[in-house]
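A.B. asks: I would like the atomic coordinates for the input below:
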Amino acid sequence: MSRLVDSVIASLIEQNIALIHARLRLEAGTDDEALHDLRIGVRRLRSLLAPLRRITDLSPLDDAAAALGTLSAPVRDLEVLAGELEKRGYPTLASTRRARLAHSYAAILDSRELERLLTLLDVWPAELRGAQSSAELSRLKAGVRRRLRKQVKRLARALATPDFDRHRLRLLVKRVRYATETYPQLSDLSKRSIAALHASQSALGDWHDHFQWCARIASEPDLEPLRSLWQQRADKALAAAEDSLQKLARALKKDGYRARAPSPN
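C.D. replies: You can find the predicted model right below:
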């Protein structure tokens, strides 16, 4: 069992280093992916923590990660939008968004959320080490496996449910993907299913971006010239996502997740 704990602690330290590196890149302004990598680090951290709540009190650390995720989400959305506008040949529209980003980056770097998360990450590995004597630690491995299977079953049911909300489905796909990548040694998904998860997340993400950009036009009318293009791209991305989701459902079925849609009431 100590091997699993060692692996968890190693992953925790790895995410800490990744977050620090992303913060330094964000401070230096070296690239456009620093904030994205910071947010991925937060997602991976939360996936790591989720099955461990019975081992020790993780609420302060998880709350700090969630708060940073909430704080940074609209900033990342704005960052992606600015990149899209530059790509589509609208430099003036892009520059107005870039000007807002500089202030937003500074707010994240100076935030209590980021400071608190990094502070807690410095001490939490010792907390987990101290929990090894707990009787509950012996059930850690089985608990992680149960949680992974429960998440996949929930996703399989959603895939089998007609007209299941695609925004919610995107989040389910992301959770299963990150949880599986965080605990690969405890997942029973095949390489085929994992590849299908990646493809589905990418396709749904593309659709979600264009959907959100279209929605922003109501409050940002200077984006109106892009409505037609974005709507066409959203429709195309959703069609690609539906194809990917069908492949994912088939892959999960082959892995033993034979979910049925709920009966109509």
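
A.B. asks: got a pLDDT number for the closest residue in space to Ala179 that isn't next to it in sequence?
C.D. replies: Excluding its sequence neighbours, the residue lying closest to Ala179 (C-beta to C-beta, 6 or more residues apart in numbering) is Ser47, at 4.8 Å. For the C-beta atoms, the positions are set from N, CA and C on the backbone; glycine is no exception. We have a pLDDT of 90 for Ser47.

A.B. asks: so how many other residues sit close to Ser47?
C.D. replies: By other C-beta atoms under 10 Å, 22 other residues sit near Ser47.

A.B. asks: got it, and Tyr257?
C.D. replies: Tyr257 has 21 nearby residues by other C-beta under 10 Å.

A.B. asks: wait, doesn't it sit right on Val152?
C.D. replies: Yes: using C-beta atoms under 8 Å, Tyr257 is in contact with Val152, at 5.6 Å.

A.B. asks: that older thread, what values do phi and psi take at the residue nearest to Ala179?
C.D. replies: Note on Ser47: its backbone torsions stand at phi -70, psi -40 [degrees, to the nearest 10].

A.B. asks: next helix or strand past whichever strand or helix holds Asp63?
C.D. replies: Here Asp63 is covered by helix 59-87, with elements defined by DSSP states H and E. Next helix or strand after helix 59-87 toward the C-terminus (DSSP H and E): helix 91-109.

A.B. asks: How about the helix or strand just after that next one, which residues are buried there?
C.D. replies: Next along the chain after helix 91-109, taking DSSP H and E as the criterion, comes helix 112-130. Residues of helix 112-130 classed as buried: 113-114, 116-117, 120-121, 124-125, 128 (neighbour count, 16 or more other C-beta atoms under 10 Å).

A.B. asks: Show me what helix 112-130 is packed against.
C.D. replies: helix 2-28, helix 59-87 (3 or more C-beta pairs under 8 Å, 6 or more residues apart in numbering; DSSP states H and E).

A.B. asks: among those helices, which is nearest His210?
C.D. replies: Among the helices and strands packed on helix 112-130, the nearest to His210 by C-beta to C-beta is helix 59-87 (8.9 Å).

A.B. asks: Show me how far that closest one is from its chain's centre.
C.D. replies: 11 Å (C-alpha atoms, centre = their mean, to the nearest Å).

A.B. asks: quick one: average confidence on it?
C.D. replies: Computed over helix 59-87, the average pLDDT equals 95.

A.B. asks: helices or strands up against it?
C.D. replies: helix 34-49, helix 91-109, helix 112-130, helix 191-216.

A.B. asks: and it with helix 2-28, angle?
C.D. replies: 50 degrees (axes from the mean of the first three to the mean of the last three C-alpha atoms, to 10 degrees).

A.B. asks: Going by neighbour count, list what's buried in helix 59-87.
C.D. replies: 61-62, 64-65, 67-69, 71-72, 75-76, 78-82, 84-85.

A.B. asks: for stretch 221-241, same thing?
C.D. replies: Buried, per 16+ other C-beta under 10 Å, within stretch 221-241: 223, 226, 230, 233-234, 237-238, 240-241.

A.B. asks: With distance to Asp209 added, can I get the helices and strands packed on helix 112-130 in TSV?
C.D. replies: TSV is the format used below for the helices and strands packed on helix 112-130 (distance: least, C-beta to C-beta, whole Å):
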stretch	distance to Asp209
helix 2-28	21
helix 59-87	6
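
A.B. asks: what about the residue nearest to Ala179, distance to Gly89?
C.D. replies: 38 Å (C-beta to C-beta, to the nearest Å).
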